[in-house]
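# Model the following, please.
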Amino acid sequence: MKEQWYIQTKKADFNGIAAKFHISPITARLIRNRDVVGEEEIRAYLYPDIKQLNSPWLLKDMDIAVGLLKIKIHGKNKIRIICDYDVDGICSGYLLYRTLKELQAEVDIVVPHRISDGYGINEKLIQKAYDDGVDTILTCDNGIAAFHQVEFAKSLGMTVIITDHHEVPFEEENGEKVYLVPHADAVINQKQPDCPYPYKELCGTMVAFQLIHALYDSLGYPLLKLHDLLVYAAIATVCDVVDLTGENRMVVRFGLEQMKKIKDVGLNALIDACNLDKEHLGTYHLGFVLGPCLNASGRLDTAKRAISLLQCQDAERAGMLAENMKKLNEERKAMNQEYEKKAFEMAQEMTDRVLVLYLPGCHESIAGIVAGRVKEKFHRPTLVLTDAEHGLKGSGRSIEAYHMFHEFSKVKSLFTKFGGHAMAAGVSLEKENLELLKRKLNENCNLTEDDLYLKVWIDMQLPLEYITTQLVEELNVIQPCGKGNEKPVFAEKDLKILKLDVREKVLSLNVENASHSRIRAVIFNRAGEFLEFLKERFGQEEIDKALAGRKNEIRFMATFYPSVNEYRGCQNLQIVIDRFC
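This next block holds a predicted model:
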């Protein structure tokens, strides 16, 4: 993968901002680099308050949905929630079920099976609901693409309420988009073109949360009653990789704080099974530890397990369920490694700008994960397909310059099923269309050579002498970090190695800059790549000198993040190196 490094050059009165908000000019620059401008926005960024959530009543059809649910609850009509099988679907389904149960609704929840049912609501699930005497179907994290399925439900006389956050399907007529919104009784999705809700990047769980918010508001309940629910909204927001800006960042920050004191038995059991400390959870633990365990149930078995865990009130049973889900996730990791290797080998031989990889035997549940790994390594939009019951099925992951949903929409006639958004998509197709799909996606592709370079945006050059414990502590105001609110990236050039230590997969370096300032540096995930870089650029003899702590000719530039290393009660400043050249 080729990289291009850029220094952010956005302008502002950094000293003035620093003085006004009692932060350093470094932090003021970081905030500006994240496009937070103006006194009001800066204050909201530095001091997020959950009371600043947008009113749920701004969502189109919210009044209709709330009115219908109150009628159905009062009339004891049977309501069935149909959610997705990923973390966002699990969390949104659980929150709606939990809330409606508390309100004495006649409600149950169905999680489609990834393989036998596929994504979202379908005719089979609708017919089953009708046969079970269900009056109302309530979707979460799906439904916006179910135009014909909703027509079928309405033909049976059922009420349908959709809550979703995915892109609204459309057709182009005379160069204009004609949106295909299902004719449900209420459609709550902030991405509808005529929806006035000001923040468009909500995940499915936050859309469901806002429905609960409005329902509680109509019943006169205080916002305080919703606080524990925001923990699940935070997990889903991180795991669904939506932008951690504005409302989302506020929710995740509040959710992480609320998680420290949450008493929910199931979630606490999962936290304990993963050996996590509730007092020190961050977005990493949500996105790469807890989330994958919830996801694993839907990938390798059934997401009903995850729902059962979250609903569980018995600590002993919850512990068993949590341990089982952790084991499922370990199985999933082993499968990932096998097919990631095959996918990397295939991609290495391809010159296509859009990678379409067919991996026979790959479990369809991990196709998206493998696609994500390939995309990260080669910086190309990637679609991984595998065999399914009817033809091929797969998932895609994209890069910033390629809107996957829009580009795949251009060839949707080749798909038997299709949905997604800018950065990801899920598809099904007949096997005979595979080669045609590869060709069409690449013929339509307008990615330039420059688009295929990974753009590494550096917040600023930060000399080593500027790194202090106070700065490290102050950088916490940027948290939580993620897509749209990236972790700060600092850089320093002309670094020389005073001593190099290799410890398993971790490199420890004592480095010095041109001003003779010194600090300890560590490299975790790219240790092998760094040694290869040194060998190719400077030769093994210079590496050996560095390993011995002798004078050497190694000089390099690095991007990094400063931190404090704690070991046996001692605290020392260090930098964690990410990239190098």
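# now the helices for the stretch 101-250 of the chain?
123-131, 147-155, 204-218, 229-239, 246-259 (DSSP state H, counting those that start in this stretch).
# For Gly484, see how far away the residue most central in space within the chain is.
For the chain, the residue nearest the mean C-alpha position is Val241 (1.8 Å; CA atoms, centre = their mean). When distance is defined by CB to CB, to the nearest Å, Val241 is 10 Å away from Gly484. All C-beta spots, glycine's among them, are computed from the backbone N, C-alpha and C.
# swap in His227?
Taken as CB to CB, the span from His227 to Gly484 is 24 Å.
# before we move on, the earlier item: highest average neighbour count across the helices of the stretch 101-250 of the chain?
Among those, ranked by average contacts under mean count of other CB atoms under 10 Å, first place goes to helix 229-239 (a mean of 28).
# can you count the residues close to the nearest residue to the residue nearest to the centre of the chain once chain neighbours are set aside?
Leaving aside its chain neighbours, Val241 sits nearest to Lys483 (5.4 Å; criterion: CB to CB, 6 or more residues apart in numbering). Neighbours of Lys483 under the rule other CB atoms under 10 Å: 17.
# mind checking how far Lys483 is from Val238?
On the measure of CB to CB, Lys483 and Val238 end up 9 Å apart.
# Tell me the residues that contact both of the two, please.
Leu244 (CB atoms under 8 Å, 6 or more residues apart in numbering).
# coming back round to it: quick check: the residue nearest to Val241 touching Leu244?
Yes - the criterion here is CB atoms under 8 Å, and Lys483 meets it with Leu244 at 6.0 Å.
# Return the alpha-carbon coordinates of the host helix or strand of Val472 using PDB.
For Val472, the host element (DSSP states H and E) is helix 469-474. Output of helix 469-474 as PDB, limited to C-alpha atoms (Å, rounded to 0.1, in the frame of the first residue of the first chain):
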ATOM      1  CA  THR A 469       2.600  14.600  31.400                       C
ATOM      2  CA  GLN A 470       0.300  17.600  31.400                       C
ATOM      3  CA  LEU A 471      -0.100  17.400  27.600                       C
ATOM      4  CA  VAL A 472      -0.800  13.700  27.700                       C
ATOM      5  CA  GLU A 473      -3.600  14.300  30.300                       C
ATOM      6  CA  GLU A 474      -5.000  17.200  28.300                       C
END
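# Give me the distance from that helix to the chain's centre.
Counting by CA atoms, centre = their mean, to the nearest Å, helix 469-474 is centred 27 Å from the centre of its parent chain.
# what's the average pLDDT for it?
For helix 469-474, mean pLDDT is 95.
# after that helix, next one along is what?
strand 490-503.
# Summarise which helices and strands the helix or strand just after that next one is packed against.
Next along the chain after strand 490-503, taking DSSP H and E as the criterion, comes strand 506-512. Contact here means 3 or more CB pairs under 8 Å, 6 or more residues apart in numbering; DSSP states H and E; on that basis strand 506-512 packs against strand 490-503, strand 518-523, helix 527-538.
# tally of neighbours for the residue nearest to Asp194 when sequence neighbours are not counted?
Using CB to CB, 6+ apart and skipping residues adjacent in sequence, the residue nearest Asp194 is Lys60, 6.5 Å away. Neighbourhood size, Lys60 [other CB under 10 Å]: 19.
# Surely Lys60 is in contact with Cys195?
Yes - Lys60 is within contact range of Cys195, at 4.0 Å (criterion: CB under 8 Å).
# what's the overlap in contacts for the two?
Counting by CB under 8 Å, 6+ apart, the residues touching both Lys60 and Cys195 are Asn189.
# still on that earlier bit, and the residue nearest to Asp194, how far from Lys393?
On the measure of CB to CB, Lys60 and Lys393 end up 32 Å apart.
# and if you look at Leu475?
43 Å.
# So for those two, which sits in the more crowded spot?
Higher neighbour count among Leu475 and Lys393: Lys393, with 24 against 20, using other CB under 10 Å.
# Okay, buried residues for the helix holding Val472 please.
Val472, Glu474 (16 or more other CB atoms under 10 Å).
# Please list the residues outside it that contact it.
Ile23, Ser24, Ile26, Thr27, Pro562, Ser563, Val564, Gln571, Leu573.
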